[in-house]
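Novice: return a 3D structure for these sequence lines:
(chains A and B)
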Amino acid sequence: QSVLSQPPSASGTPGQRVTISCSGSSSNIGINSATWYQQLPGTAPKLLLYSNDQRPSGVPDRFSGSKSGPSASLAISGLQSEDEADYYCAAWDDSLSGWVFGGGTKLTVL
Amino acid sequence: QVQLQESGPGLVKPSETLSLTCTVSGGSISSYYWSWIRQPPGKGLEWIGYIYQSGTTNYSPSLKSRVSMSVDTSKNQFSLRLTSLTAADTAVYYCARQEQELVRFRYFYFLDVWGKGTTVTVSS
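Specialist: Below you'll find the model as predicted:
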């Protein structure tokens, strides 16, 4: 049972916009920022968004993030086949003084 | 460009102790917090704990009784030790760097650089 809650799956067709939600609590996302990772099969997680909505260099602007209270969202616009991956949200938890993760969302591009 | 590389045995017997090392290249181990995260086959990510250059540590409550971490700044390495292994500890183990950003007088943290991961199987 993950501390952060994500839908296990999401899907969309090429060109569509999809969103993935991440629900936390007052000790993690509610007071800290959300981070998003993309994990392609057989590879390590790759930083996609940090500080709720900041993209590292090299991440396309098709990826965007937002936060409201204890929840965060990842939006992918102009969906492409290469976006098919697992997506994880994460946050620093003040109660734990450590990291908590969502269970991951498997994105399928139909 | 900072890179992380995990190393250690791929196969460990039940009840034995796992020792993994993460080597930091392209940058200094100093002034950062370093975490270990694992991912069981087909499952999500689980944070194991972190260590600072000074040796300060904090571990996940679920693993605290079996985990210890150490750092060797002269070698730019940090290590994980996990005792009393069972099949449930079979996973890909990642090391990662914790970065921070000051936003409106508060630090936001994120794990920005990850190693490629090392697969550990616990089996007799």
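
Novice: show me what the longest strand along chain A pairs with in its sheet, parallel or antiparallel.
Specialist: When every strand of chain A is counted residue by residue (DSSP state E), the longest turns out to be strand A:85-93. Taking DSSP bridges as the criterion, strand A:85-93 sits next to strand A:34-39 (antiparallel), strand A:98-101 (antiparallel), strand A:105-109 (antiparallel) in its sheet.

Novice: could you dump the ones you listed to CSV with mean pLDDT and mean neighbour count?
Specialist: From N, CA and C alone the C-beta is placed, and that goes for glycine too. Below are the strands paired with strand A:85-93 laid out as CSV (pLDDT from 0 to 100; neighbours: other CB atoms under 10 Å in any protein chain shown):
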stretch, mean pLDDT, mean neighbour count
strand A:34-39, 98, 25
strand A:98-101, 97, 23
strand A:105-109, 98, 17
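
Novice: CSV for the ones you listed, including distance to residue B:97?
Specialist: Rendered in CSV, the data for the strands paired with strand A:85-93 read as follows (distance: least, CB to CB, whole Å):
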stretch, distance to residue B:97
strand A:34-39, 13
strand A:98-101, 12
strand A:105-109, 24
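
Novice: which non-adjacent residue is nearest residue B:26?
Specialist: By the measure of CB to CB, 6 or more residues apart in numbering or on different chains, the closest residue to residue B:26 outside its immediate chain neighbours is residue B:2, 4.7 Å from it.

Novice: let me know the pLDDT of the one you found.
Specialist: Predicted confidence (pLDDT) at residue B:2: the value is 96.

Novice: for it, list the residues it contacts.
Specialist: Taking CB atoms under 8 Å, 6 or more residues apart in numbering or on different chains, we find residue B:2 in contact with B:24-27, B:97, B:113.

Novice: with residue B:96 instead?
Specialist: Taking CB under 8 Å, 6+ apart, one finds B:4, B:34-37, B:111-115 in contact with residue B:96.

Novice: in a strand, that's where it is, yeah?
Specialist: Yes - with DSSP: H, G, I helix; E, B strand; the rest coil as the criterion, residue B:96 is part of a strand.

Novice: show me what it is bridged to.
Specialist: Partner residues in beta bridges with residue B:96: residue B:35, residue B:114, with DSSP bridges as the criterion.

Novice: so where's chain A shaky on pLDDT?
Specialist: Along chain A, segments meeting pLDDT under 70 are nowhere present.

Novice: how about the residues of it by chain B?
Specialist: With CB under 8 Å from any CB of the partner chain as the criterion, chain A meets chain B at residues A:2, A:32-33, A:35, A:37, A:43-47, A:50-52, A:54, A:56, A:88, A:90, A:92, A:96-104.
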